[in-house]
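Undergrad: this one's structure only:
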């Protein structure tokens, strides 16, 4: 019995490099089943994502745009905002790129109640 073939890594984009985003980036790097595909935070554009997160250089620069960070991702981990209205452009960009999205935005759990106008 040879077992199941190895699974391809899930390509992850980390959006937001605040305190939570930096820790999530470290966690992504620690998981062999995940591959860091892109990183975006307007405050750190052009800087090495690993250096920003305190891991040392990874050779992956913080992308100049959200779209660039999503370009090679299967899933985006969004660790930026807590306001649904501010999240809409990020959700739209991920949808347009065919990228699944997981967010720490608490209000997305009940968006129809927190932001009924949307």
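TA: Here it is on my side, so go on. It should be emphasised that the depicted structure is a prediction, and the values quoted were computed from it without experimental measurement.

Undergrad: ok, residues contacting the strand or helix carrying residue 50?
TA: Per DSSP states H and E, residue 50 falls inside helix 49-53. Residues outside helix 49-53 that contact it (Cβ atoms under 8 Å, 6 or more residues apart in numbering) are 14, 17, 21-23, 25-26, 29, 36, 39, 41, 44, 56-62. In this view, the C-beta of every residue, glycine as well, is placed from N, C-alpha and C.

Undergrad: what do you get for stretch 17-25?
TA: Contacts for stretch 17-25 (Cβ under 8 Å, 6+ apart): 14-15, 36, 39, 41, 43-44, 49-50, 52-55, 62, 77, 79-80, 104.

Undergrad: which residue ranges form the strands in the chain?
TA: Counting by DSSP state E, the chain has strands at residues 10-15, 34-40, 75-78, 100-103.

Undergrad: Of the ones you listed, which is nearest residue 92?
TA: For the strands of the chain, the distance to residue 92 is smallest for strand 100-103, at 10.2 Å, taking Cβ to Cβ.

Undergrad: mind listing what's buried in that closest one?
TA: 101, 103 (16 or more other Cβ atoms under 10 Å).

Undergrad: partners of that strand in the sheet?
TA: strand 75-78 (parallel) (DSSP bridges).

Undergrad: ok now the strand it pairs with, how far from the chain's centre?
TA: Centroid separation between strand 75-78 and its chain, computed with Cα atoms, centre = their mean, to the nearest Å, is 3 Å.

Undergrad: go on, stretch 28-45?
TA: Centroid separation between stretch 28-45 and its chain, computed with Cα atoms, centre = their mean, is 7 Å.

Undergrad: what's in contact with that stretch?
TA: 7, 9-18, 21, 25, 49-50, 52, 55, 58, 60-66, 68-74, 77, 80.
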